[in-house]
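>>> Any chance you can model this:
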Amino acid sequence: MATTRKLVVAVDETESSQVAFLWVLHNLARHSDHIVIFNAAPYVGSQFSDADIANEYLLPSLASEQVAEAAEKEVTERSMSIVNRCLAKCQELGFSCEGEVVKGEPGSWIIDESERLDADVVVVGCREAGLITRTLFGSVGENVLHNALCPVVIVRPAEKLQDSLVTERSRNIVIAVDDSKEAAGAFVWALQNFCRVTDKVTIYHVHKSSVPSITSSVTGEFGIEDVYLTPDTTDEMEVKALTDSEKLVEKFMSYVSDESKISCQGMVVTGQTEEMICKGLVGLEADAVVLGTHEKGVVARTFLGSVSDYLAHESPCPVIVVKQKKDSAAKSSSHKHTS
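Numbers count the residues shown, from 1 in each chain. A predicted model of the protein is given here:
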């Protein structure tokens, strides 16, 4: 029997938000899932740190109580209308669903509600407009990516994205990996929760050159000393590191072959992590990229900093940031392919 997952989809008034919602229905949701359509808006007349939000929700200083109440009612009705349209679409396609309309700062509500509901995935649309997206990639973005207790999906509008709004199609899925248990957990999550038999999966690893400077510091008779490394030595180190990267990818590919019928290929590239991931997504015409988050490893050392921002704004496809839920983290970390 299929496991029921809770998918929290944050929506607002923008087209990008609606595209993200439709993307969920055609690419992530299963008919055994329960979808929560979520809309949050600040109280009218509140103090805002963002000028665009203030223009939409800040009342004139001399506004009467009646004007304030009318504005508050209008905002609430607009939010309910957005949520109800999404619920109608879910019901049309046979999905179990419910809607929530709340008042307050969107980022905090997204995190709090996803935790309260014990959500399995949170989905947010991204572009340079709309209540959620205008705040998501400032302090709120860091808050969601760092503090959400479940995988987060960021859907950016793109020309190719329209192709993914059709359920029955083969997709190109990129899973970025390194040698950490968290990357392995994200890999397993992708196979169990996102990938389909009809998909083509690319196991993608960014190799960072291990060649040191021509001298290296070691502990000698008189303390720390610099020793000269010959070109042959540095070449050997680089060849070994690259071979290790290739073996890592081969191990993930073997797991896909052993545990599923999904078509799979591997790629090892060398360069700056965020640039090479994005370049690979373009070249592979990827429909989505999956990454894990952790405290160590090639992807993680930069992912929650420059790489997350870079992919959020530059990725040509949806980005799935996987965080292991507490009850499943132990299981994935001990899996045979992480050894």
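
>>> What ranges does this structure have for its strands?
6-10, 34-41, 96-103, 121-125, 152-155, 172-176, 200-207, 215-220, 223-228, 263-270, 288-292, 319-322 (DSSP state E).

>>> Within the sheet, what are the partner strands of the first one, with directions?
Right, the one you point to is strand 6-10. Paired neighbours of strand 6-10 in the sheet (DSSP bridges): strand 34-41 (parallel), strand 121-125 (parallel).

>>> ranking the ones you listed by burial, who's on top?
Of all these, strand 121-125 has the most neighbours on average by mean count of other C-beta atoms under 10 Å, namely a mean of 28. The C-beta positions use only the backbone N, C-alpha and C, and glycine is treated the same way.

>>> Can I get the strands paired with strand 6-10 in TSV including distance to Ile82 and mean pLDDT?
Supplementary listing: the strands paired with strand 6-10 in TSV, determined by distance: least, C-beta to C-beta, whole Å; pLDDT from 0 to 100:
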stretch	distance to Ile82	mean pLDDT
strand 34-41	6	92
strand 121-125	12	91
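
>>> Can you tell me which of those is nearest to Asp112?
Checking the strands paired with strand 6-10 against Asp112 by C-beta to C-beta gives strand 34-41 as the closest, at 9.8 Å.

>>> shaky segments in the stretch 101-250 of the chain?
Under the criterion pLDDT under 70, the flagged ranges of the stretch 101-250 of the chain are 127-143, 158-167, 210-234.

>>> per-domain residue ranges of this protein.
1-158, 170-339 (automatic domain parsing).

>>> So what's the residue count around Leu117?
Residues lying near Leu117 (other C-beta atoms under 10 Å) number 18.

>>> ok, back up a step: now render the strands of the chain as JSON lines, adding distance to Ala190.
Listed next are these as JSON lines, based on distance: least, C-beta to C-beta, whole Å:
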{"stretch": "strand 6-10", "distance to Ala190": "15"}
{"stretch": "strand 34-41", "distance to Ala190": "20"}
{"stretch": "strand 96-103", "distance to Ala190": "23"}
{"stretch": "strand 121-125", "distance to Ala190": "12"}
{"stretch": "strand 152-155", "distance to Ala190": "12"}
{"stretch": "strand 172-176", "distance to Ala190": "5"}
{"stretch": "strand 200-207", "distance to Ala190": "8"}
{"stretch": "strand 215-220", "distance to Ala190": "38"}
{"stretch": "strand 223-228", "distance to Ala190": "44"}
{"stretch": "strand 263-270", "distance to Ala190": "11"}
{"stretch": "strand 288-292", "distance to Ala190": "4"}
{"stretch": "strand 319-322", "distance to Ala190": "7"}
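
>>> Can you say which of those is nearest to Leu311?
strand 319-322 (5.1 Å).

>>> Can you give the strand pairings for that closest one, parallel or anti for each?
In the sheet, strand 319-322 lines up with strand 152-155 (antiparallel), strand 288-292 (parallel) (DSSP bridges).

>>> Turn those into a markdown table, columns for distance to Gln324 and mean neighbour count.
Shown next, in a markdown table, are the strands paired with strand 319-322 (distance: least, C-beta to C-beta, whole Å; neighbours: other C-beta atoms under 10 Å):
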| stretch | distance to Gln324 | mean neighbour count |
| --- | --- | --- |
| strand 152-155 | 13 | 26 |
| strand 288-292 | 8 | 27 |
